[in-house]
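Colleague: Please find the sequence and the predicted model below.
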Amino acid sequence: MSNHETPNTEQKPEKVQTKYDLKMQRRKEEKEREARSRRNGNIIGIVIVAALVCLVASFPIRTYLTVHGTYVKVNGENISKVEYDYNYNMAVSNYLNQYGNYLYMMGLDPTSDFTSQMYSETLTWGDFFQQMAVENIVRNKSLLKQAKDENFVYDVSEEYKSFEESLQQMATEGGTSVNEYRKQLYGAYATQSRLKPVVEELLYVAAYYDELSDRNAPSQEEVQAYYDENKENYDSVDYRMLTVDAELPTEPTELADPADEEAEGQDDAETGDGEDAEAAYEPSEAEIEAAMAEAKEEAEKAEKTVATEGELYENQRQSAISYHINSWLFEEERKPGDTTVIEDSTNHRYYVVSFEDRYLDDVRAVDLRLVITAEENGQAILDEWKAGAATEESFGEICDKYNNASTIQAEGGLMEGVLSSNMPAEMSAWAHEEGRAAGDTIVISPEGETNSYVVYYVGTGDEEWVLSIRQTLVSQKMSEYVSELLANGQVEDPKGHLRYLEVQAAEESAAQESSESTEASGSESQSEEASGSESQSEDASDSESQPEDGTDSESQPEDGTDGESQPEDGTDGESQPEDEESAEGEE
C-alpha cells in the first residue's frame, strides 16, 4: 500500500445567496467606491492647492531671479537686469536730449517701439541703444576696477542724497509718486534699494574719471603748441561785407529757353487758367548767366567802397562765418585793407569783402553763481537775498534753496570757467562789461526764454581760448583711454539678450567667408598661372627629353570656406514684475 496521501476531494456544499445577501454586497461595494472617490478627491485637491501655492510663490521668486540673476556678463562680472535697464534708459535719455532736434532727420520716432525702427540695414534703434548701454557698462566696470586697484577714496553720500532729492522733486512736479517715477525713468524693476548700489557705484566712477581728467590736464606749453598748429580754429577776424544779389527774371526774356507748347499746355491745365505761371517761372541757364554777369559788375564797383560802406563784423570765429568767405579771411597772407569779390552760384549772389584784422581774443571765462527759476520769480529771489546778509555765502544758500537739482546740481550754484558761448548773449554781455566787479548781481530774462537767471558775479578765470584748448586735449586723451578700455572689455551674453552681438557675429562670419573665398580664388589663379608657365617651359625645351609621365596635375587648393551657422536667437521674454510688490515695500 502506498504511503502517498490521497487528498480529500469531498466538496463543501456551496452557500446559496439570498436576495438579502446580494443587497448587502452591493452596499459594501458602493461604500468602497465612495471611499476611493473621497481619497482620490483629497489627493487631487491637495495637488491643486499645492500647484496654486507654487504658482503664487513663483511670482516673487521669478522677480528675484530676474533682478538678482545674470542678464549679461561684463569683464567676468554678472550684470543684473536692474543695472542693465538703468544704463539702457540713461543711454536713450542722453541721446534723445542731445539730438532731439534732429531725430526726424534720423528717421527715429521716440514715441514708437525702438526695436521696430531701423537704425541701419541690420541694426534696429533698440540694438543701437543696447550697444550704447553695454559699452557704458564696460567702460564703468573697467574704471571701477582701476579705481579700486589704486585705492581711490571718494564719499558719494552727499551726491546720492541730491540724486534722491531731485527724483522726489521731479516726481512731485510730474504729479506721481517717486516709486512710479523711478520705474518710468529706469525700468520696471527699479526700486530705491535695488538702484542705490548702482547709482552709488556710478557716482564713484564719475569722481574717478574726473580725477583722471585732472591728471591728464595739458601743460601751458602743450596748449600753446596746439594753438600754433590750429590758429584758424581760435583766432578771430574783423571784416566788412556787402552782398550783391543777381536779379533773376520772373518771366521769359529773349534768353529764355524755347517754349515747349505741350509742356506749357500741361502747366496751364494743372494751374487752371495759368495764373501761377509767373510765380513758378524758372529762368534758363542763359538768363541766370546774364543776371550773374550784371551782379558781378555791380560787385566789382562796390569793392572800391566796401572798406568804408560795408557792414562791419567784429570778433568773428571761423566756425561762425559762411564757408564761402572764411577761407579767404583766414589765409595766412591776408593783411588789413585786402578786398575781394566772391561768387555764390548756389544763391546767385556775390560777396564783396574787406579784411580789417585777425587776432587771438583774450577774453576770459567767468565764474558765476546762478539761480535758474521761472521768469516771474527772479526779482523776488534777488530781493530776498538783498534783505539778508547779502554775501556770496548767503547767495550760495539762496541758490541751494531755489535751484532745481535737475537743472543745476553744483553746490551753491557755482559755475566756474563759463565760456561766452555757453551763456545767453545778455548774460555774456553783462559779465564782460568793463568795470564788472565781484559781488555784482542782476536778474536776466533772455528774450524767447521762459526762465530767469539770478546772477552773482564771482570773478574771471583763464582766457577762453586756453580753456577751450585744454578741454579739447583732455577730451582727446580721455577718449583714447576709454577706447582702449572698450577694446579690452569682455562681453558675454549667456541668455541671448543682446541682438546686436548676434548681428556683429553674423557680419564678421560673412566677412571671414568672403575673405577666405577671395584668398582661395587668388591661390587657384596663381596655381593655374604656374601650371601654364611650366607647360610653356616644357614645350620650349626641345633638346631635353620629355618626361614619360604626362603633365603633372597639381591638386587645387582646398576651399577653406566653411558655412558657419548663424547664432540662434536665444532671446527669452523676461516676465515683468508681477509683485507690485515687495518692490514698493523695499522703499
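Modeller: Here it is on my side, so go on. Residues are numbered from 1 along each chain as shown.

Colleague: Just give the nearest non-adjacent residue to A207, would you?
Modeller: Y154 (4.2 Å; Cβ to Cβ, 6 or more residues apart in numbering). (C-beta placed from N, C-alpha, C; glycine too.)

Colleague: what separates that neighbour from A147, distance-wise?
Modeller: Note on Y154: its distance to A147, by Cβ to Cβ, to the nearest Å, is 8 Å.

Colleague: Mutual contacts of those two, please.
Modeller: Shared contacts of Y154 and A147 (Cβ atoms under 8 Å, 6 or more residues apart in numbering): Y204, Y208.

Colleague: These two: which has the busier surroundings?
Modeller: Ranked by neighbour count (other Cβ atoms under 10 Å), Y154 and A147 place A147 first, with 19 against 14.

Colleague: Wait, that one touches L203, no?
Modeller: No. With contact defined as Cβ atoms under 8 Å, A147 does not count as touching L203 (11.7 Å).

Colleague: max-length strand in this protein?
Modeller: Ranked by number of residues, the top strand in the chain under DSSP state E is strand 451-463.

Colleague: Return the set of buried residues in it.
Modeller: N451, S452, Y453, V454, V455, Y456, Y457, V458, T460, G461, E463 (16 or more other Cβ atoms under 10 Å).

Colleague: Over to stretch 177-196?
Modeller: So for stretch 177-196, counting by 16+ other Cβ under 10 Å, buried means 178-179, 181-183, 185-192, 194-195.

Colleague: Identify, from the residues you listed, the entry nearest to D257.
Modeller: Nearest to D257 out of these is L185 (Cβ to Cβ; 61.1 Å).

Colleague: May I have stretch 299-309 exported as PDB, CA atoms only?
Modeller: Only the C-alpha atoms of stretch 299-309 are listed here, as PDB (Å, rounded to 0.1, in the frame of the first residue of the first chain):
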ATOM      1  CA  ALA A 299      30.000 143.900 -57.000                       C
ATOM      2  CA  GLU A 300      33.300 145.000 -58.600                       C
ATOM      3  CA  LYS A 301      32.200 148.600 -58.400                       C
ATOM      4  CA  ALA A 302      31.200 148.100 -54.700                       C
ATOM      5  CA  GLU A 303      34.700 146.600 -54.000                       C
ATOM      6  CA  LYS A 304      36.100 150.100 -54.200                       C
ATOM      7  CA  THR A 305      33.900 151.400 -51.300                       C
ATOM      8  CA  VAL A 306      33.300 148.200 -49.200                       C
ATOM      9  CA  ALA A 307      36.100 149.200 -46.700                       C
ATOM     10  CA  THR A 308      34.000 152.200 -45.600                       C
ATOM     11  CA  GLU A 309      30.500 151.300 -46.600                       C
END
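
Colleague: how close does L498 get to Q318?
Modeller: Relative to Q318, and taking Cβ to Cβ, L498 is found at 43 Å.

Colleague: For those two, indicate the residue with more neighbours.
Modeller: It is L498, of L498 and Q318, that has more neighbours when counted by other Cβ under 10 Å, with 22 against 17.

Colleague: which phi and psi does the more buried one have?
Modeller: phi -100, psi 90 (degrees, to the nearest 10).

Colleague: That one: what's it in contact with?
Modeller: Counted by Cβ under 8 Å, 6+ apart, L498 has contacts V72, Q130, V134, V491.

Colleague: export the residues you listed to CSV and tack on distance to M423?
Modeller: Shown next, in CSV, are the contacts of L498 (distance: Cβ to Cβ, whole Å):
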residue, distance to M423
V72, 42
Q130, 37
V134, 36
V491, 41
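
Colleague: which one of those residues is nearest A302?
Modeller: When the contacts of L498 are compared for distance to A302 (Cβ to Cβ), Q130 wins out at 57.9 Å.

Colleague: quick one: S177 and Q168 touch, right?
Modeller: No. Counting by Cβ under 8 Å, S177 stays clear of Q168, with 9.6 Å between them.

Colleague: Show me what L242 bridges to in the sheet.
Modeller: Bridge pairing for L242 (DSSP bridges) gives the partners V352.

Colleague: Helix, strand, or coil at the residue nearest to A207?
Modeller: coil (DSSP: H, G, I helix; E, B strand; the rest coil).

Colleague: Quick check: it touching Y204?
Modeller: Yes. Applying Cβ under 8 Å, one finds Y154 in contact with Y204, separated by 5.6 Å.

Colleague: before we move on, the earlier item: kindly reformat the buried residues of strand 451-463 as a markdown table and extend each row with pLDDT and distance to Y208.
Modeller: Shown next, in a markdown table, are the buried residues of strand 451-463 (pLDDT from 0 to 100; distance: Cβ to Cβ, whole Å):
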| residue | pLDDT | distance to Y208 |
| --- | --- | --- |
| N451 | 89 | 33 |
| S452 | 93 | 36 |
| Y453 | 96 | 32 |
| V454 | 97 | 34 |
| V455 | 97 | 32 |
| Y456 | 98 | 31 |
| Y457 | 98 | 33 |
| V458 | 97 | 28 |
| T460 | 95 | 30 |
| G461 | 92 | 25 |
| E463 | 95 | 29 |
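
Colleague: which one of the residues you listed sits closest to Q220?
Modeller: E463 (11.1 Å).

Colleague: quick one: average pLDDT of stretch 469-487?
Modeller: Per-region confidence: stretch 469-487 scores 93 on mean pLDDT.

Colleague: My error: substitute stretch 384-402 in the last question.
Modeller: Mean predicted confidence for stretch 384-402 is 96.

Colleague: Number of residues surrounding G378?
Modeller: 22.

Colleague: for the stretch 151-300 of the chain, what spans make up the helices?
Modeller: Secondary structure of the stretch 151-300 of the chain (DSSP state H, counting those that start in this stretch): helices at 157-173, 178-186, 192-215, 220-229, 261-271, 285-302.

Colleague: Give me the pLDDT value at Y154.
Modeller: Reported pLDDT for Y154: 96.

Colleague: whoops, I mixed them up, E251
Modeller: Looking at E251, its pLDDT stands at 86.

Colleague: From E513, how far out is it?
Modeller: Applying Cβ to Cβ to E251 and E513 gives a distance of 63 Å.

Colleague: Kindly report the same for L108.
Modeller: Applying Cβ to Cβ to L108 and E513 gives a distance of 32 Å.

Colleague: neighbour-wise, which of these two wins?
Modeller: L108 (19 against 15).

Colleague: Report the secondary structure state of the more buried one.
Modeller: Here L108 takes the coil state, with states given by three-state DSSP.

Colleague: hang on, the earlier thing: most packed of the helices of the stretch 151-300 of the chain?
Modeller: Ranked by mean neighbour count, the helices of the stretch 151-300 of the chain are led by helix 178-186 with a mean of 18 (mean count of other Cβ atoms under 10 Å).

Colleague: For that helix, enumerate the helices and strands it packs against.
Modeller: Judged by 3 or more Cβ pairs under 8 Å, 6 or more residues apart in numbering; DSSP states H and E, helix 178-186 is in contact with helix 81-99, helix 157-173, helix 192-215.

Colleague: the inter-axis angle of the first one versus helix 178-186?
Modeller: Angle, helix 81-99 to helix 178-186, by axes from the mean of the first three to the mean of the last three Cα atoms, to 10 degrees: 70 degrees.

Colleague: Please identify the buried residues of helix 81-99?
Modeller: 81-92, 95.

Colleague: For it, which outside residues touch it?
Modeller: By Cβ under 8 Å, 6+ apart, helix 81-99 touches 66-67, 69, 71-72, 103, 106, 110, 114, 129-130, 132-134, 136-137, 185-190, 194-195, 198-199, 574.

Colleague: who touches the residue lying closest to K196 once chain neighbours are set aside in this structure?
Modeller: Nearest non-adjacent residue to K196, counting by Cβ to Cβ, 6+ apart: Y160, 7.2 Å away. Taking Cβ under 8 Å, 6+ apart, we find Y160 in contact with K196, V199, E200, L203.

Colleague: Having no further points to raise, I will conclude here.
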